[in-house]
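> Build me a model from this:
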Amino acid sequence: MILASGSQVREVARRAAARPESAFRGLRLPAGIDVGRLLSDIGFWGVTSSYERPDRDFSLIAVGEAGRAELPAGGGAAALRLGADELLRAPTEVETGALRPRLLGGVSFGATPLDLPGPARPAGASPDVPWEGFGRGALLLPEMLFVRDGGEAGVVLAPGVPATRLADVLGALARGDSTGPDACGTAPAASVACDVDAERWLGSVARVASEVRAGHYEKVVLATCREFASGGPIERGRALRRLRDGYRDCHLFSVTRGDSTFLGASPELLVSLRDGAMRALGLAGSAQRGADAADDERRGRELQASAKDRIEHEIVVRAIREALLPASRWLRAPNQPGLLRLRNIQHLATEVRGEVSAGVDILDLVERLHPTPAVGGWPTERALRVIADHERFDRGWYGGPVGWLDAAGDGEFAVALRSALVRRERAWLFAGAGIMGDSEPGDELAEVELKFRPLAEALGLVPGGEAAGA
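This next block holds a predicted model:
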């Protein structure tokens, strides 16, 4: 790629300085500025959050923090609205609509209006996942929001951010400064520091399945955690690059708080909203990809014919419809699920579309849907209590909504699956499985192992990471 010249960088800074510093300023960037390089070294560039859809050539990369709306105790996602409105209330001067101001962030799995207990965690029973600084949920206003949308690149400066700050970052990008330790070098050896308690997991699955058969509830999603220790700092930029290359049709995200970064590549859209048009995805029921095309087709047909997986999937879709219908003018979903095929796994998938009622924004929809039965269970309140009884670690933001929103109340949130929390030389990987009445404990454990694999490979914790980027 031909890098941008110094004169091009100065021209962008001049245009930024010509606009009121008290307003949001959205500016196009020259073609020689590769905003994606900001993710090569999160620490060097000061990246605080990111959200990408590689298959749509769409990315949002937040550098610095100009403000934050924290989720108050006892509230769901909609409780963030007041803080979001305050952060976005300044006037806006943008060169194109794609360069409008947006907030990035998410909500923890347990952040619902239901006042439920957290998981029981006896000392030494599970990894001590360091979620300090993440809280129940938050939306971040970046100092600089770098945007790539359909081949066009730009940046949005928050009010009060001087043009000189932007010029420094663009100059470093244009010069090709530090690709950073996150982008190159050989990954140090890693080992499992705290593994899944397989015996306990199998017992929990068997007990939950028996309670489903007895009619106590319809489904519970049990999750678990595996902690890795590496011989050196784990390279977050390398991991994001591998996920971008290997899982282009997923929602890639990162959220950094202090020295911890939560990142992943989720296959599951929670909900999106644009100009009143709403989309949600029901995703439940899983099978491994085949060894070749014929085997893959066979496994897909078996998944679609599986009574256990179809019932599990229908519970999720039914719950999505029931949650969204009161906020909709109309709502439609196909009667039969399709298949969403990823690199190492395939899922039953049903897209739900609709038009929202007047006054409904993306935070309303997130609160209505979270947690879906795909990550919690059904009925929701009972399932969350069962989870608290069985799980011995803090899910934190795993399984919660992550994404972005704008001043109009539009936005997109994914479910934070296929994810890990990275802190220097440690990483905590998360995975779960939906437990039904006919669930076989050994099969569910195998599914969890399959779901660990993408992040373990991307982070260089097990062999096969380069294959993800092939």
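> how far does stretch 93-107 stretch from start to finish?
The first and final residues of stretch 93-107 sit 30 Å from each other (CA to CA, to the nearest Å).
> try stretch 282-298
Counting by CA to CA, the length from the leading to the trailing residue of stretch 282-298 is 22 Å.
> can you list contacts of it?
267-268, 299-300, 302-303, 306, 308-310, 312-313, 315-317, 320, 333, 337, 340-352, 372-374, 433-434, 447, 450 (CB atoms under 8 Å, 6 or more residues apart in numbering). For glycine as for every other residue, the C-beta is placed from the backbone atoms N, C-alpha and C.
> just how off-centre is it within its chain?
How far stretch 282-298 lies from its chain's middle: 23 Å, per CA atoms, centre = their mean, to the nearest Å.
> what mean pLDDT does that stretch have?
For stretch 282-298, the mean pLDDT works out to 84.
> can you check stretch 52-71 too?
Averaging pLDDT along stretch 52-71 gives 96.
> And it, what's buried?
In terms of neighbour count (16 or more other CB atoms under 10 Å), stretch 52-71 has its buried residues at 52-54, 59-64, 66-67, 69, 71.
> again with stretch 451-464
Going by neighbour count (16+ other CB under 10 Å), the buried part of stretch 451-464 is 451-461.
> which of these sit farthest apart?
The largest distance within the buried residues of stretch 451-464, taken as CB to CB, falls between 451 and 460 and amounts to 17.9 Å.
> and residue 8, that one's in a helix?
Yes - membership of residue 8 in a helix is supported by DSSP: H, G, I helix; E, B strand; the rest coil.
> Burial check on it, number of neighbours?
Neighbour count of residue 8, defined by other CB atoms under 10 Å: 17.
> Run a quick neighbour tally on the nearest residue to it once chain neighbours are set aside.
Once flanking residues are discounted, residue 8 sits nearest to residue 30: 4.3 Å by CB to CB, 6 or more residues apart in numbering. Residue crowding around residue 30 was assessed by other CB under 10 Å; the count is 17.
> does residue 30 belong to a helix or a strand, and which?
Assessed by DSSP states H and E, residue 30 sits outside every helix and strand.
> and if you look at residue 273?
Secondary-structure assignment from DSSP H and E places residue 273 in strand 269-274.
> what about the helix or strand following that strand, distance to the chain center?
Past strand 269-274, further along toward the C-terminus, the next helix or strand under DSSP H and E is strand 277-288. Per CA atoms, centre = their mean, the displacement of strand 277-288 from the mean C-alpha position of its chain is 14 Å.
> which residues touch whichever strand or helix holds residue 170?
Residue 170 is part of helix 163-175 when elements are defined by DSSP H and E. By CB under 8 Å, 6+ apart, the residues outside helix 163-175 that reach it are 3-6, 8-10, 12-14, 16-17, 21, 29, 32-35, 37-38, 45, 63, 143-144, 155, 157, 178.
> repeat for stretch 372-381
109, 112, 114, 116, 217-221, 268, 270, 282-284, 315-316, 319-320, 323, 371, 383-384, 386-387, 399, 415, 417, 432, 434-435.
> From these, keep the buried residues only.
For the contacts of stretch 372-381, burial is judged from neighbour counts taken by 16+ other CB under 10 Å, and it is met by 109, 112, 217-221, 268, 270, 282-284, 315-316, 319-320, 323, 371, 383-384, 386-387, 399, 415, 417, 432, 434-435.
> from the residues you listed, which ones fall inside strands?
Using DSSP state E, the subset of the buried ones among the contacts of stretch 372-381 located in strands is 219-221, 270, 282-284, 415, 432, 434-435.
> Let me have those in TSV, extended by distance to residue 168.
Putting these into TSV (distance: CB to CB, whole Å) gives the following:
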residue	distance to residue 168
219	52
220	51
221	45
270	36
282	45
283	42
284	47
415	36
432	43
434	48
435	52
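> what's the closest of those to residue 407?
Minimum separation from residue 407 among those (CB to CB) is found for residue 270, which lies at 20.5 Å.
> Provide a list of residues in contact with the closest one.
Each residue near residue 270 by CB under 8 Å, 6+ apart is listed here: 280-281, 366, 369-370, 372, 401, 403, 413-415.
> Am I right that residue 217 is in contact with residue 384?
No - the criterion here is CB atoms under 8 Å, and residue 217 misses it with residue 384 at 10.5 Å.
> quick one: which helix or strand includes the closest residue to residue 328 other than its chain neighbours?
Residue nearest to residue 328 in three dimensions, not counting chain neighbours: residue 354, with 4.4 Å by CB to CB, 6+ apart. Following DSSP H and E, one finds residue 354 within strand 345-356.
> What mean pLDDT does the helix or strand following that strand get?
Moving toward the C-terminus from strand 345-356, the next helix or strand (DSSP H and E) is helix 362-369. For helix 362-369, mean pLDDT rounds to 97.
> Next, the angle strand 345-356 makes with helix 362-369.
Between the axes of helix 362-369 and strand 345-356, defined by axes from the mean of the first three to the mean of the last three CA atoms, to 10 degrees, the angle is 120 degrees.
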